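Undergrad: A structural model of the following input is requested.
(chains A, B and C)
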Amino acid sequence: MDSANTRGGAPPVPVSITLTVNGREHRLDIDTRASLLDVLRERLGLTGAKKGCDHGQCGACTVLLDGRRANSCLALAVANDGAEVTTVEGLAEAAGAAGEGGLSPIQEAFVERDALQCGYCTPGQLCSATGMLAEAAEGWPSFVTEDLAAEPPALDDAEIRERMSGNLCRCGAYVNIVAAVREVGA
Amino acid sequence: MRPFTYERADSVDDAVALHGEQTRYLGGGTNLVDLMRLGVEQPDRLVDVTRLPYDQITVAPDGGLLIGATVRNSDLAVSWSVRQTHPLLSQAVLAGASGQIRNQATVGGNLLQRTRCSYFQDITKPCNKRDPGSGCPARKGENHNMAIFGHSTACVATHPSDMAVALAALDASVHVHSREGKRVLPLSDFYRFPKDDPSRDTVLKPGELITEVEVPPLGMPSSYRKVRERASFAFALVSIAGALKVEDGVVQDCRIALGGVAHKPWRAHRAEEMLRGVAATKENYLRAADAELESAHPLRENGYKIPLARNLIVRTMLSLGEGA
Amino acid sequence: MTSLERVEARDKVTGRARYAFEYPVEGAAYLMGVQAAVGRAEIASVDHEAALALPGVLAVLSCENAPEIAEVDDPELLVFQSRKVSYRGQFVAAVVAETWETAQEAARLVRITYADERRPDVRLSADHPGLYEPEEANGGFPAVSELGDPDAAFATAAVQIDATYTTPAQHNNPMEPHATVAAWEGDDLTVYDSNQGASTVQGTLAKIFKLEPAQVRVVSPHVGGGFGSKGTPRPNVVLAAMAARAAGRPVKLAVTRQQMFATTGYRTPTIQRVRLGADADGRLTAILHEVVSQSSTLREFAEQAAVPSRVMYRASNRRTAHRLTRLDVPTPSWMRAPGETPGMFALESAMDELAYTLGVDPVELRVRNEPERDPEQDIPFSSRNLVACLRKGAEHFGWADRDPTPAIRRRGRKLVGTGVAAATYPANRMPNKATARADADGTFTIRIAAADIGTGSRTALTLVAAETLKADPAQVTVELGDSALPRASLAGGSTGTASWSTAVVRACEALLDELDGEIPPEGVEATADTAEEIKSEPEYSRHAFGAHFAEAEVDIDTGEVRIPRMFGVFAAGRIISPTTAHSQFVGGMVMGIGMALMEQSVMDAEFGDYLTHDLAQYHVPACADVADVQATWIDEEDQHLNPMGVKGIGEIGIVGAAAAVANAVHHATGVRVRDLPITPAHLLPDF
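TA: Numbering: from 1, shown residues only, chains lettered A, B, ... in the order given. Down below sits the predicted model:
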């Protein structure tokens, strides 16, 4: 069998890191192998970010990492020592909508448009949409942007669909997701 | 995943000094961490190179680009200079993966990503690339998205990067550092054909670190197109990076590189040579495309890539010609 | 009915909704399964030592040391009870460790030695020597059904269509992988599990571990999709309970995405021959629909793909038949509308071929063959509004202006075409229990062990209860997803809302009977059991129907197919919750687009596993694949169903959707693709 597969076991390598998650600082002793996603879910009890594939192929684990949307399953926690993370649990507060029942505009739009069904991809969709809207506001083009040398066009449906394609939804809520993002991005 | 030690390098000297047996440089990790979780990669040590001072894109006076290896894919794609002078590079990067992954992945890491061949990614199966000498089940197995050019009995995998296809068309070169110093490799020589040693994707020696990618000025219209079954967030069946300069109806210069067809970005040198100096007509594009594809050797299930590549070459040249 | 925001939407958008793996259980360890790396063999030995030597590893389980468990109908659940490897990827060992990282690494170190390894037989073909006729197809349908003399009628028909259609294996791939957290307290077992029916899982676990059902509690209030793959218990739930007992600790198990492709079910590939005989006016004289599919060596599962052809169209001569072969593959199972989904791709493609051959409009052809009674059972339909769906859809879609000639419309470098296909799905009911409770503060609580896997059942049942109780939905709380609640049937076969709402209505009615003025401080509670009511249903053929209209754009240069718009009209009884129902219909259609254009699990003929075993290789539609997809419905009043008059809507959205796309691709290009999915490889050499 594969030579790589026959190498014996070795003990975990412990390491200490600091993460600021949803505005709160955490000092953590972790295994170098731990993903940011598993640290959030298993160590900090922040289970909003989901594990759908663990290989960067579905987007359910999307969080905002130092302000940008990222797949937390592919981010080693140790490599993100000192990072600032916003998860779905912190979206409302980050949008200044904290408090009982407070939702960020994108969360509110998802509820109003029924942009979810089973809900498992939803936290990733929300974090991704939040990051994506910020990217668009900074003038980032996408693969479907006609003329890269011009200022990018308004965020039309084709642009939203392309930019949100890193978040799979097996329930097929895309039509409503696009409507919710369009409403908030307008 | 095998346990590993983690080191963060502050300088290139530091990074190459930290590199030893079973070491991997860690960029964005979007492919390396994926492969470690699959057991395909089992490093004992990761050297994080993302904090090295190679996170800038510099525009040379002649319009060429010097792109730091730790520049994130997103930052490269959205760079105003890149969009204006080398739009195909921007498009190629935007065609890859997802918004999230582009925010994480680095330029150096993108160049070094491994094939997505399913046999390579499954450690319970033979694969000459992962486990030299074990065999290549893809050759006779499921190969609808494998190579049509330059494959060998040992390996039929394709290179998955979109960015590298654009860089191939752009005659880019790669700056690498090691304990022995620095060398510059033209991208055309950077990647290898599998031949009898598919375990090596590139000519990099152990411990060599990509620090920069140098892109000469282009000065002609260019574009990147990617064909896939899913409309987004999928690897290419075939992709094309093209550039064309037409004056008075005659092709002055052109660039054609194909993705998804070989172990490395496939620069269509033969087609380019045939086109330089001839009339910019559909017939000539078609003739050049057919000539290029003469050297293709499709496998059982990927013969469709030949008409696909031909159509892409013709259509891309026609579109670029119209724009001129 | 009034529209109500999805009841749990706010919990889902804030991350508060908890899924199985997320339940905080004190002292839980992590469990990771180990899969067979061969397709057909005996396990000679399993060496646990290297894995156990790893610091943090608590236990290793395999056939070497697994405790004996009781037999159940599904051998897939009898983990580690045999040394036989029935398919590559079968769970053959498992590791319990302090952390997930260690469990994952230790799983790699379990050494399994195989004996008597043989090349697995995994390739389905129409002439496979093992093909046989099962007694029944899934759903309890007879495998073969025949009326008149179909062969003779077909042979003498003025117009004949004889075509073979294939659909590949497809995987459900709910976004939440199957997961279980298991904890024992003495002989009492609690599992937090991702499933489509807590009562079903409870019953299975009780049998397997020889417990009384009351000793097993299954908690599953939020489930991240299932699409059939969580309809029956999967090995993960047994494995978790077994390992928790062996390790003396609660354990958490999440099946990895890659593991799901072998261990959590899939839709069998099908090979379907359809023969249609018609007179010159397009009136069908013969319908023959013969299906070949696969099952595992462990268990018979015969997908009932020919069954929809028993209800769709009128013809006095008909045969529908299923044959099956048992391969060294994982057991196929339910995936959204098993039977109807692949079967209607074939039948509705064939109908399009017939329309094209005859020069009859495909909508008209279907209308012309509309039966007045169930064409096989010769009983009345409880209601049937296929024609209304076709007419409404045609009008909305602009069908009247359609030129039927293929391959003549261009939009830039794209060929454009439109297609139609019909949909059907049976409306069945299962027995259930429910309680309804009134409290002195004016609130009502409904309790039923139903499942909400994203279908909106919590919302629908809230509306049902509110209507029956004549209360504001805000006063009603529905508790579901817990086997401690009154026993319920599973979320499957589009039976959920029909079945659960019957029990909820009856419980609410009983509660109203008991309520007499002031509600006492201890509240009032009433219970209903619908077993008797369901047994005594009058004889009707009960089905939902629908029609899909799709537009396809096919790139001339690349063969890429995209769907700019799709419109579905459904007649599915009364729609209880418009908001969530719309999402369900559209979601089914989106999955149908995936089936048509990209979904395909490729079997590795040499090694015997599904090669495309992750979400980068098994493509499900992404946001960019879904443009203008809309659904609407016809309000049906059907007195022969259930108190709410509902038919169920979870599955019909996918039925026929792929055929509508394939028919649109034909209209766009002139190329008839009979083998799904429709990829550039199919289209490129042809134009």
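
Undergrad: show me what contacts residue B:101?
TA: The neighbourhood of residue B:101, defined by Cβ atoms under 8 Å, 6 or more residues apart in numbering or on different chains, consists of A:56, A:71, A:74, A:166, B:28, B:30, B:73. Heads up, the C-betas are built off the backbone N, CA and C, glycines and all.

Undergrad: what of residue A:119?
TA: By Cβ under 8 Å, 6+ apart, the contact list for residue A:119 reads C:8, C:11-13, C:17, C:222, C:224, C:454.

Undergrad: most neighbours among these, which one?
TA: Highest neighbour count within those: residue C:454, with 35 neighbours (other Cβ atoms under 10 Å in any protein chain shown).

Undergrad: now do the contacts for it.
TA: If you count contacts by Cβ under 8 Å, 6+ apart, residue C:454 has them with A:116-120, A:171, C:223-225.

Undergrad: just flag the most distant two among those residues.
TA: Greatest spatial distance among the contacts of residue C:454 (Cβ to Cβ): A:116 and C:223, at 13.3 Å.

Undergrad: give me the nearest residue to residue 46, chain neighbours excluded.
TA: Picked chain A for this. Nearest residue to residue A:46, sequence neighbours excluded (Cβ to Cβ, 6 or more residues apart in numbering or on different chains): residue A:40, at 4.5 Å.

Undergrad: switch to chain C, please.
TA: Residue C:46 sits nearest to residue C:62 (Cβ to Cβ, 6+ apart), 4.0 Å away.

Undergrad: what's around the one you found, how many residues?
TA: 22.

Undergrad: just the ones of the contacts of residue C:454 in strands?
TA: Per DSSP state E, strands hold no members of the contacts of residue C:454.

Undergrad: burial of the residue in the stretch 1-150 of chain B positioned nearest to chain C, as a residue count?
TA: Closest residue of the stretch 1-150 of chain B to chain C, Cβ to the nearest Cβ: residue B:124 (3.9 Å). For residue B:124, the neighbour count with other Cβ under 10 Å is 17.

Undergrad: could you check how far it is from residue C:37?
TA: Distance, residue B:124 to residue C:37, using Cβ to Cβ, to the nearest Å: 4 Å.

Undergrad: repeat that for residue C:142.
TA: The spacing between residue C:142 and residue C:37, counted by Cβ to Cβ, is 40 Å.

Undergrad: can the lowest-mean-pLDDT helix or strand in chain A be found next to chain B?
TA: The helix or strand of chain A with the poorest confidence is helix A:91-94; it has a mean of 95 (mean pLDDT, DSSP states H and E). No: Helix A:91-94 lies out of reach of chain B by Cβ under 8 Å from any Cβ of the partner chain, never closer than 15.7 Å.

Undergrad: what distance separates that helix from the centre of its chain?
TA: With Cα atoms, centre = their mean, to the nearest Å as the basis, helix A:91-94 stands 14 Å off its chain's centre.

Undergrad: in that helix, what counts as buried?
TA: By neighbour count on 16 or more other Cβ atoms under 10 Å in any protein chain shown, the buried set for helix A:91-94 is A:91-92, A:94.

Undergrad: need the per-residue pLDDT for the residue of the stretch 201-350 of chain C found nearest chain A.
TA: Closest contact between the stretch 201-350 of chain C and chain A, by Cβ to the nearest Cβ, is at residue C:224 (2.9 Å). Reported pLDDT at residue C:224 in the predicted model: 98.

Undergrad: residues in contact with it?
TA: By Cβ under 8 Å, 6+ apart, the contact set of residue C:224 is A:50, A:118-121, C:19, C:174-176, C:194, C:453-454.

Undergrad: can you check residue C:434 too?
TA: Shown in contact with residue C:434 (Cβ under 8 Å, 6+ apart): C:446-448, C:486, C:488, C:500, C:503-504, C:506-507, C:527-528.

Undergrad: partners of the helix or strand where it lies, with directions?
TA: Assigned by DSSP states H and E, residue C:434 belongs to strand C:433-438. Take DSSP bridges as the rule and strand C:433-438 pairs in its sheet with strand C:444-447 (antiparallel), strand C:524-529 (antiparallel).

Undergrad: domains of chain A?
TA: Under the assignment automatic domain parsing, the domains of chain A span A:12-92, A:98-185.

Undergrad: quickly, which of these bottoms out on average pLDDT?
TA: Comparing mean pLDDT across the domains of chain A, the weakest is domain A:98-185, with a mean of 94.

Undergrad: how far away is the residue nearest the centre of chain A from residue B:112?
TA: For chain A, residue A:62 is the residue whose C-alpha lies nearest the centre (Cα atoms, centre = their mean; 1.9 Å). As for residue A:62, its distance to residue B:112 is 24 Å (criterion: Cβ to Cβ).

Undergrad: what does residue C:309 give?
TA: Using Cβ to Cβ, which is the criterion applied here, residue C:309 is 53 Å from residue B:112.
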